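Peer 1: quick one, fold the following:
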Amino acid sequence: MAVRLNILVLRPSGGGTSWHDQCDDLLGHLLGLPGLDVTLLERLPRPGDGSTETLALESIGGHAACLSWQEPDEVVADLARAGRPMWRRAHAGDSGGDSNGEGVTGAGPMYFFDMRQQRDARGTLAELQSLLKTLQVPTFQIAGMSPVRPAVVSPKKAAVASIPMVASPASQTTSSSVATVKAVKSSDALDRLVDELDELDI
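Peer 2: Residues are numbered from 1 along each chain as shown. As a prediction, the model looks like this:
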């Protein structure tokens, strides 16, 4: 299954028309792009709020990026109050994030983009696409891998597999020795039969 990146856009509540224009321009570039699932929220819901914002927030899963015009700590706190705790994961566009999220119980990782620091929508879009490509690179865990168990071969298959296709000189010698032993045993039996017939005087 292809990796997708969920984009949570929090519409700016202030800052004048410049931020709102920036948000609209950004949405125009993001919508419909492959690999990106965009969710726009006018505001983050409050605890116990059964609004559509709550349902939209609950539907976001997997890898998530948050684009906001607020302080990152405020957004993280608001997400926790809304019942969706997340921690800032460090990336190229957010050096202030955490690298592993230690100590954040039950929280999912979030790539935060402070849109107050972004100059244009194209630059943000390029960063998101670069992040998506990074997430799509397959990784393998070497340490802690289960040891590879050898295949179990049945005795019959093992016997068949052990028979050489071409007899070596040693195997030929062994075969001739076995034939000699059988011939000697047959000769002894024949001698005993002749002796028994002599005794019967037939």
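
Peer 1: every contact and neighbour count from this point should use C-alpha atoms.
Peer 2: Will do.

Peer 1: can you give me the helices for the protein?
Peer 2: Assigned by DSSP state H, the chain shows helices spanning 17-30, 52-58, 72-81, 121-136, 155-162, 169-200.

Peer 1: lowest-confidence stretch among the ones you listed?
Peer 2: Note on the helices of the chain: lowest mean pLDDT is at helix 155-162, with a mean of 46.

Peer 1: per-residue confidence for the nearest residue to R11 once chain neighbours are set aside?
Peer 2: Nearest-residue entry for R11: E42, 5.2 Å, with adjacent residues in sequence omitted and distances by CA to CA, 6 or more residues apart in numbering. Note for E42: predicted pLDDT of 88.

Peer 1: how much space between E42 and D191?
Peer 2: 110 Å (CA to CA, to the nearest Å).

Peer 1: how long is stretch 36-48 end to end?
Peer 2: End-to-end distance of stretch 36-48 (CA to CA): 29 Å.

Peer 1: hmm, who's touching it?
Peer 2: For stretch 36-48, contacts defined as CA atoms under 8 Å, 6 or more residues apart in numbering pick out 4-12, 30-31, 51, 53-54, 56, 78-79, 81-83.

Peer 1: now do 7 Å
Peer 2: Applying CA atoms under 7 Å, 6 or more residues apart in numbering, the contact partners of stretch 36-48 are 4-11, 31, 53-54, 78, 81-83.

Peer 1: just the buried residues from those residues, in PyMOL please.
Peer 2: Per 16 or more other CA atoms under 10 Å, the buried members of the contacts of stretch 36-48 correspond to this PyMOL selection:
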select buried, resi 4+5+6+7+8+9+10+11+53+54+78+82+83
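
Peer 1: what's the farthest-apart pair in the contacts of stretch 36-48?
Peer 2: The two members of the contacts of stretch 36-48 with the most space between them (CA to CA) are L31 and R81, at 28.0 Å.

Peer 1: okay, now the domains of the protein?
Peer 2: Following automatic domain parsing, the chain resolves into domains at 5-136, 173-202.

Peer 1: winner for burial among those?
Peer 2: The highest mean neighbour count among the domains of the chain, using mean count of other CA atoms under 10 Å, belongs to domain 5-136: a mean of 16.

Peer 1: look at that one and report the distance between its end residues.
Peer 2: End-to-end distance of domain 5-136 (CA to CA): 10 Å.

Peer 1: can you list phi and psi of R4 for me?
Peer 2: The phi and psi values for R4, taken as degrees, to the nearest 10, are phi -120, psi 160.

Peer 1: that one and L33 touch, don't they?
Peer 2: No - using CA atoms under 7 Å, R4 is not in contact with L33, being 10.8 Å away.

Peer 1: tell me what T39 is bridged to.
Peer 2: Beta bridges link T39 to L8, judged by DSSP bridges.

Peer 1: that one and V137, how far apart?
Peer 2: Distance from T39 to V137, by CA to CA: 24 Å.

Peer 1: with H20 instead?
Peer 2: 34 Å.

Peer 1: ok, now T52?
Peer 2: 34 Å.

Peer 1: for S95, same thing?
Peer 2: Distance, S95 to V137, using CA to CA: 21 Å.
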